[in-house]
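>>> Sequence below, structure please.
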Amino acid sequence: MGPRDRPSPLPDGAPCTACGAPVPAGRIRLLASRDGLAFVRLVCDGCGSAAIGLLLDGDDDAPILDVATDPPTPSSRAGRITHADVDAVRQDLAAWDGDLVGWLDR
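Alright, predicted model coming up:
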C-alpha cells in the first residue's frame, strides 16, 4: 500500500462509541485500506473500550468516519464496570433458576 492508498488523517480524532469521550488521532490505527475505504481501530483512553470504524473518502478530502449508528449522548454514558457490578451479576445469576434468555428478559 502506497502513501496515496492511505485514507486522509482524522486531525480532530473521533468520539468514543462507548462513552463519547474524544479519541485522539494518535489512538486511531489503520487496519486495512482499499479503493478509498478503510477499517480503523479506535481505543479510548477514557473508558478503555476499543471499536472498529469504517473510514470513507469524503468530499474535499475530508474523511467520513462511521463508528456507530447512534452516537452516545451525555445522558447515555455509562461508567466503568466495577468489581461490585460483577459481584452483583454473579450473585443474581447464582440465585436464578432458569435459562439465560429468561434472565435477560426479566
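>>> contact partners of the helix ranked longest in the chain?
Counting by DSSP state H, the longest helix found in the chain is helix 83-95. Residues external to helix 83-95 that are found in contact with it (C-beta atoms under 8 Å, 6 or more residues apart in numbering): residue 103. The way it works is simple: take the backbone N, C-alpha and C, and place the C-beta from them, glycine included.
>>> can you check stretch 98-106 too?
Against stretch 98-106 from outside (C-beta under 8 Å, 6+ apart): 92, 93, 96.
>>> what about the helices in this structure?
Assigned by DSSP H, the helices in the chain fall at 83-95, 100-105.
>>> The ones you listed: lowest mean pLDDT?
Between the helices of the chain, the one with the least mean pLDDT is helix 100-105; it has a mean of 83.
>>> pull the CA atoms of that helix into CSV?
Presented in CSV, the C-alpha positions along helix 100-105 are these (Å, rounded to 0.1, in the frame of the first residue of the first chain):
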residue,chain,number,x,y,z
LEU,A,100,-30.2,-17.2,30.1
VAL,A,101,-32.9,-15.9,27.8
GLY,A,102,-35.3,-15.8,30.8
TRP,A,103,-32.8,-14.0,32.9
LEU,A,104,-32.1,-11.4,30.2
ASP,A,105,-35.8,-10.9,29.5
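>>> Right, I'll call it a day here.
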